[in-house]
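Visitor: Sequence plus predicted model, see below.
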Amino acid sequence: MSISQQAFLRDAMRRLNLTRDVFATRIGVKRRALDTWLLPEGSQEFRAMPEVVERFVSEIVQNSALLEKYTQSAQVGPLRERISVNGKHQLLSVDQFTRESVEDLFRVADLMQPVARRQKVSRVLEGAVLGNLFFEASTRTRVSFGSAFCRLGGSVCDTTGFTFSSMAKGESIYDTSRVMSGYVDAMVIRHPDKGSVAEFAQATNIPVVNGGDGPGEHPSQALLDLYTILTEFSRLGKLLDGAHIAMVGDLKYGRTVHSLIKLLALYKGIKFTLISPPGLEMPDYIIEQASRNDNVIEQKSSLAEGLTGADVIYATRVQKERFAHEESEGYTPEFQISRATIDAHCGPDTIVMHPLPRDSRPGANDLSTDLNDDPRLAIFRQTDNGIPIRMAIFAVLLGVEGLVQHSMRDVTWKHPSHIGPDDSIFHGLD
């Protein structure tokens, strides 16, 4: 590049008529990464931008069609209107999102980080009540949604399992939803039957969030997964466009991968390697949708064939509770992702993810615990990101995202710099 990196990027932003925040969002990087690229080259904090960024930005400013696309103003209207379902402010599927609206939601999540990371307090949802209706076993997702709502000042009413529900007495989904709507201001629903959350949503006008509907979708999990990937890539100086994503495990019943691959398909030039035991392959309709934007999909049946060169490995647990006629009882030892496997086939910057829970019992052959102190393992950073993402979802659906930043005040309690004793040095709370 004949001109300095700083001059190149500033000229690009001027041609595109974009602020730093919007420019960073449009090229798929974090604002803090862009800031280091824009510093003078003699600065101690200066970082060289990846070559792929230079190529991508050059392509935009030199192509009139792309230039017109990227200089278009942001979509008009509040985010909650742009992702609404039949005029209702609900989150049922990742299909509600475009790349632009996803990145808008992630900007809201970035604003939530000081509250999520226990540095600030906000009370913008004070007086609001969340109904956490989980008709299927859950600890992590249920508590995560409840914590996110509470951190914005709201309160939570929980119910878990069919045994303690009036639906065990024969009450319809419609009646349950309508009755609960009179008690709470928003609902999160988890149900074992695909499509059931949409039935709940039809019976109410209050915000409804799909917390997982059987083998269908888990949109908030996919959003936090994508947010995690973008955050990790920003730290590593990578772009998501053109990345290699390996998805491993039960891809037939793993609803997290169904939602995530559809979100990732909003980006371009991604190579998806799908690795699963026989009989647990990704459904064809999901593969068809993920093939857009020049993405490449290849299916493999062994780790050795598919992990080489992967930027992200997304492992999943065998969903035995959803099996119909499958004979598979689990993974063979050759299918387990361990430190030795990662060292053999991947580089030092590979990110290893898992939606959890992972089955750590002997013989389960799920994601190995010998990766726990490896900085490539992102599963706990992944779960931590569930709080700002779910805070952002509630703030957007309830229309208060513009109030959060001005409502913050310092916390009054002391918190540790790292939540877990084995957390990586770049994962501190401060």
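Guide: Yep, it's here.
Visitor: Which pLDDT value does the model give the closest residue to residue 349 other than its chain neighbours?
Guide: Take residue 349 and drop its neighbours on the chain: the residue closest to it by CB to CB, 6 or more residues apart in numbering is residue 236, 5.1 Å away. (Glycine included, C-beta is placed from N, CA and C.) At residue 236, the pLDDT value in this model is 87.
Visitor: Angles on the backbone of residue 236, please.
Guide: For residue 236, the backbone dihedrals (degrees, to the nearest 10) come out as phi -90, psi 0.
Visitor: quick one: it and residue 375, what's the gap?
Guide: According to CB to CB, to the nearest Å, residue 236 and residue 375 sit 11 Å apart.
Visitor: got it, and residue 119?
Guide: Counting by CB to CB - residue 119 and residue 375 are separated by 23 Å.
Visitor: try residue 176
Guide: To residue 375, residue 176 is 45 Å away according to CB to CB.
Visitor: In terms of neighbours, single out the busier of these two.
Guide: In terms of neighbours (other CB atoms under 10 Å), residue 176 is the more surrounded of residue 176 and residue 375; the figures are 20 against 17.
Visitor: Make sure the more buried one is indeed in a strand.
Guide: No. Using DSSP: H, G, I helix; E, B strand; the rest coil, the assignment for residue 176 is helix, not a strand.
Visitor: Per-residue pLDDT of it, please?
Guide: Looking at residue 176, its pLDDT is 90.
Visitor: now swap in the one 10 residues further on and tell me
Guide: Residue 186 carries a pLDDT score of 97 in this model.
Visitor: Residue 101 touches residue 83, doesn't it?
Guide: Yes. Under the criterion of CB atoms under 8 Å, residue 101 makes contact with residue 83 at 5.5 Å.
Visitor: These two - which one has more neighbours?
Guide: Neighbours per residue, other CB under 10 Å: of residue 101 and residue 83, the larger number sits with residue 83, 22 against 17.
Visitor: for the residue found closest to that one once you drop the neighbours it is linked to in the chain, what are its contacts?
Guide: Nearest residue to residue 83 in three dimensions, chain neighbours excluded: residue 96, at 4.5 Å (CB to CB, 6+ apart). Contact analysis of residue 96 by CB atoms under 8 Å, 6 or more residues apart in numbering lists 83, 84, 85, 219.
Visitor: For residue 96, give its distance to residue 359.
Guide: 32 Å.
Visitor: With residue 237 instead?
Guide: 34 Å.
Visitor: got it, and residue 221?
Guide: Applying CB to CB, the value for residue 221 to residue 359 is 18 Å.
Visitor: Those two - which one has more neighbours?
Guide: With neighbours defined as other CB under 10 Å, residue 221 and residue 359 compare such that residue 221 has more, 28 against 15.
Visitor: pretty sure the more buried one is touching residue 141, no?
Guide: Yes. With contact defined as CB under 8 Å, residue 221 reaches residue 141; the gap is 7.2 Å.
Visitor: Overlap of the contact sets of the two?
Guide: 212, 386.
Visitor: what phi and what psi does the backbone show at the spatially closest residue to residue 119 that is not a sequence neighbour?
Guide: Distances taken as CB to CB, 6+ apart place residue 411 nearest to residue 119, at 6.3 Å, with adjacent residues excluded. Torsion angles at residue 411 (phi, psi; degrees, to the nearest 10) stand at phi -70, psi 160.
Visitor: After the least confident helix or strand in the chain by mean pLDDT, which helix or strand is next?
Guide: Lowest on mean pLDDT, DSSP states H and E among the helices and strands of the chain sits helix 64-71, with a mean of 57. Scanning forward in sequence from helix 64-71 by DSSP states H and E, the next helix or strand is helix 79-82.
Visitor: quick check, distance from that following helix to the centre of its chain.
Guide: Averaging C-alpha positions (CA atoms, centre = their mean, to the nearest Å) puts helix 79-82 18 Å from its chain's average.
Visitor: Show residues contacting that helix.
Guide: 75, 89, 98, 101, 104, 105, 108, 396, 397, 399, 401.
Visitor: what's near enough to touch the second one?
Guide: Taking CB under 8 Å, 6+ apart as the definition of contact, the neighbours of residue 89 are 80, 81, 207, 397, 398, 399.
Visitor: measure it to residue 49 for me?
Guide: Distance, residue 89 to residue 49, by CB to CB: 38 Å.
Visitor: got it, and the fifth one?
Guide: Applying CB to CB, the value for residue 104 to residue 49 is 24 Å.
Visitor: Cool, thanks, signing off.
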